[in-house]
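J.: What follows is a protein structure lacking sequence information:
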């Protein structure tokens, strides 16, 4: 370009005799006047000029001009044009008050900061200031931009900002922090350890807003740290429905991987599938699922499957696919069918979606035909489908073919052969071939059909038919010599190399069936050998060799001629093959022993090829992944591990769930009615309630009345009850196993031989109905020394009886046990020992709390400082901590009181005692059931009245051991009350529990 | 996740690029162009393309290729679904998603893309939130903006993103509170030559236009919910209520949205509203053929069939068509080989008919392949499945809204095959 303009200048100078002034004028007009290269030059200069005025606009005082300039700059960026020389002018506006201007500057900054690192640093202080802004959205956007500026020097600043944002009060800012983690990690992988700490913190977050983003960060930074998930597993499962759709996809994929490392395979022959397997699990708490026992699904495994199921109804196809792959990889085989409908539904979506979904269905349909067979017609091809969609549908149809539906499928395939799309027609012919080999009943029909296609006018169709027929014939060549002859006749008209090669191979392989045609074909080939494609040449050499061995009289010369041609071929494969064949078949002194076996080598019977799906080995990849789509491992693909033979410790997941009120016994947390979870559901709870009421109604008649009432009122109670109500209902599902075993006895007999001791207590919130039931005969018969104590805690929530309950005043405990229990031994406590005692006084810290007295003593020789209960170790029960003890002298002891809300369960409360120096081990307090009761005095009439109002029961069970010799009702009573830590009061007042 | 996005038009011009991480040179698109060339038809471009260092996942929509660049493993549907969401957002903002509108609104497009992804991970994709962040352009506003220099970016920051109902913005106010629902059903069918149903199903959607003040909580129930075989919902719908009571309970987004889509499968009998009698034949000699198509009503439930269009994909050798139609107009495009007969309203008294001769490329053999016939139609005030909305209740707000439900049935992928079974006369 410059050269040209220079030329024209010199041309002007040479050609003109005018003055230098004129020449200078010419010069100045060049950019405008000359064409071609000149035009580009002028464009370039215009660009320069434009940028100049952009700079001016940016530096002006008018907001509107600045905005206009920025808009044009963004336009340049969008087109991929360079605007980086404007950086200094743009970066000045980073602190602008105008929101749109500011945003556009951000866009620019993120795009060019990497190239202008020094100047970019000028903007950092603005963001640092904004990070402290009271408005959460400004904090978030500052963090977003700050972390998007890929300038290594600010890594420490970013790290600090992320750490701070991770503890921000606003979930939106925390979400942004989760995104920033990935950005920082890609900028500086050395920060990994620090970032994992932040991820760990954010994983504990309960906001649905954060969950998806932090799991994404987890997947990118430390996908192998599966241990971080344990404690958050149940929370993630429960939050899933409320997480935004993109987060759902990421979480589901992560949980799929997690589940494959933590649960045992549900794909077992003897598997027993119990929807309510929680029950069994909790009865045998502590026992591990044994391999020799029938398979029982881990309740956490079930939780995942159950909570993902509704997402099959999502409008987001990626979510539906994610759930489908989760079921495919995790669900018991018989539950798989629920994903079919949803996958078929996705086929109505966009072409690209269809493509991915069909690919996944293709893989699935190989292993499990039955899943998609009822929907076979959904895979029928339309002429308007794109070619790759058609091919995939064809693949699936072929996979689904079986004896029953083959005639329908074949009829369908026939219409496809006539398709205008020739690539698709060819694929159809292959599909017919596959059907023919897989289903022997139709082999002949298919073969005949394919032979008819040999007279088709379209070459691709004919060629494909030849190739497929070749494969089919290998299965039963002797009966089909006429087909081979027919193909020999076609040989002249077929030009597609693969088809020609196939015919040649057939001729050679079955030359004994077509003794007349084969030499003739070879003769023709000798004529055209040089102009053939390589594969055809190779097969010609093969044919020549085979004919030489079987019919050397006719073909000896031809063979030699062809071998000579091959010897000098340009392709070394062909030269090699020729040399090899010559040594093998033409005996000479050098060839040795091998040539004696030539016939057996070349004419060996060959196994028929197995025609199988191209998707056969795709199942090595997790479904729904990019790797599956491409059928090769892509960067960052995370392998799905095999099921472990023995499930790893399942208790690792328990802790978190204790946080949910009352849930620990069930191992399943329920979304509360808090604002966090907007759409939590109560249906499940009702369901459980239903099942529990069934159980209990058969075990005691009194209860059945109250239970049926509770069902009627369940609606009300759902609305009015606090979270405690949920917990109570759940507890009801706790059933004593032994009681259930007794149930088969007819109820009447059972009751007639048993004595019932009813202890009835009202608590402030719950009526407690203790049924002590045992059968002497049962005990004697079984020679069993176990008796069971069933305490039913009944709950009552309808508003009607509320005032009654309020009117019941708590009485003073009749007897207070003096015994205290050891909480912490001085050896484990490094000198600090602790004992606790239930005071049976109303707790001052809260109505629902049980008050405890803690005696701490220092048996070491040094003073202990700052003894307190760790904040973080609390496990769900609401604990009112004692004030930290600043100093405890050696051999001194101090008594403090604390309150624990046991949520009316006998589940132990765990917490951690700490001193200034170190954190001591977790201690636990397990209350006897008696400690949870509130003493109330009432008349028998009141008791009966209250009993009638009972809506439900709570049950807790314990085992007592007795020797069969001294069974008497008294001794049993004694044992029972001591286990429950209750006392019997001899009085007209029925209720007799000392608290 | 999503690294960069390139927009490419049908002619192969790259007219917009956006990067969410470091810049990736646009030369990566060369791999796409290669695949595009190989595919001939834009529809045949494989959605996932592998290049040595990247993966390209693309969608083709409104004559634009949205090509995204991916570097690591990601569920491909995730990206595809997102790209479609981008296209839908453009449509929502600019009325249509085309090269011209995108180029005209490049700043808004850029602002939108910036908000929709953070570091390649979707951030705000709900139309309600986006509209609060970035106001859609209107003629009036763009005029005012040019004069005063004010902006499209929302002054106040959206609250929806922070709430538990991310699809609805706070403080919605209307003077007329109204909620309209359109039940749109499409019949997907494949008929064989004689008109027998090979396969048919109904695909339905309920589109909603809800303009209600405050935070209304709506419940929509059907007369016959058992009809619905398989459903998918907008995230606002409570799954559990549907599972247990078969009612749609939701707090709606503000404005237009698709409430649900459903599927009524082939197992139920699907009514086919019209029949097509056709005879297309080619003579062995003389390079010509005959065409005769007649259309008539079949199961229309007493309603009128409108907007009836018949499309025939002719074999490549057909050069021109000399036909006469008793109703409507026909047009044969010799380039795409598509014969289009626009009939309009179907009059049961006087059935429309199209017949005449076809001329083929001289010397070409009689075409082997069979044309296929696609039908497009519309029936107002009818949901062909028989689905009926029972009632709509509103909780949470005091005012009385205007309510309305409209039904319409359309032909979806409605195809009649014209091939006979020549190949295998199977009696298996």
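T.: It's in. Just so it is clear, the model here is predicted, and its values are computed rather than measured.

J.: Show me the domain layout of the chain.
T.: Chain wasn't specified; assuming chain A. Domain segmentation of chain A under the TED database yields A:50-262, A:477-605, A:821-931.

J.: oops, I was thinking of chain B
T.: B:2-148, B:178-270+B:382-416, B:274-380.

J.: pLDDT value on residue 339, please?
T.: You didn't say which chain, so I picked chain A. pLDDT, residue A:339: 91.

J.: you looked at the wrong chain, it should be chain B
T.: At residue B:339, pLDDT is 90.

J.: now the one 3 residues further on
T.: The predicted local confidence for residue B:342 comes out at a pLDDT of 92.

J.: Report the beta-bridge partners for it.
T.: Here residue B:342 sits in beta bridges with residue B:309, residue B:329, as judged by DSSP bridges.

J.: For it, list the residues it contacts.
T.: B:309, B:328, B:329, B:330, B:331 (Cβ atoms under 8 Å, 6 or more residues apart in numbering or on different chains). (C-beta placed from N, C-alpha, C; glycine too.)

J.: Buried ones among these?
T.: The neighbour count (16 or more other Cβ atoms under 10 Å in any protein chain shown) marks B:309, B:328, B:330 as buried among the contacts of residue B:342.

J.: The residue of chain A found nearest chain B: helix or strand, and which one exactly?
T.: Here chain A gets closest to chain B at one residue, residue A:64, 2.5 Å apart by Cβ to the nearest Cβ. Per DSSP states H and E: residue A:64 is located in helix A:63-79.

J.: which helices and strands does that helix pack with?
T.: Contacts defined by 3 or more Cβ pairs under 8 Å, 6 or more residues apart in numbering or on different chains; DSSP states H and E place helix A:63-79 against helix A:37-59, helix A:99-112, strand B:14-19, helix B:106-116.

J.: Could you tell me the phi and psi values at residue 121?
T.: Answering for chain A, as no chain was given. phi -60, psi -20 (degrees, to the nearest 10).

J.: sorry, should have said chain B
T.: phi -110, psi 130.

J.: Check residue A:916 too.
T.: phi -60, psi -40.

J.: Contact partners for it?
T.: Residue A:916 neighbours (Cβ under 8 Å, 6+ apart): A:864, A:865, A:866.

J.: Now the first one: closest residue in space that isn't a chain neighbour?
T.: Just to be clear, that refers to residue A:864. residue A:888 (4.6 Å; Cβ to Cβ, 6 or more residues apart in numbering or on different chains).

J.: what about that neighbour, how many neighbours?
T.: By other Cβ atoms under 10 Å in any protein chain shown, the residues close to residue A:888 number 22.

J.: of all the contacts of residue B:342, which comes closest to residue B:413?
T.: residue B:309 (13.9 Å; Cβ to Cβ).

J.: ok, the closest one - contacts?
T.: Residue B:309 neighbours (Cβ under 8 Å, 6+ apart): B:340, B:341, B:342, B:343, B:375, B:376, B:377.

J.: The fourth one and residue B:264, how far apart?
T.: This means residue B:343. 27 Å (Cβ to Cβ, to the nearest Å).

J.: neighbour count winner among the two?
T.: The neighbour comparison of residue B:343 against residue B:264 (other Cβ under 10 Å) goes to residue B:343, with 26 against 22.

J.: Is the more buried one in contact with residue B:311, as I believe?
T.: No - Residue B:343 is not in contact with residue B:311 according to Cβ atoms under 8 Å; the separation is 11.3 Å.

J.: Thank you, goodbye.
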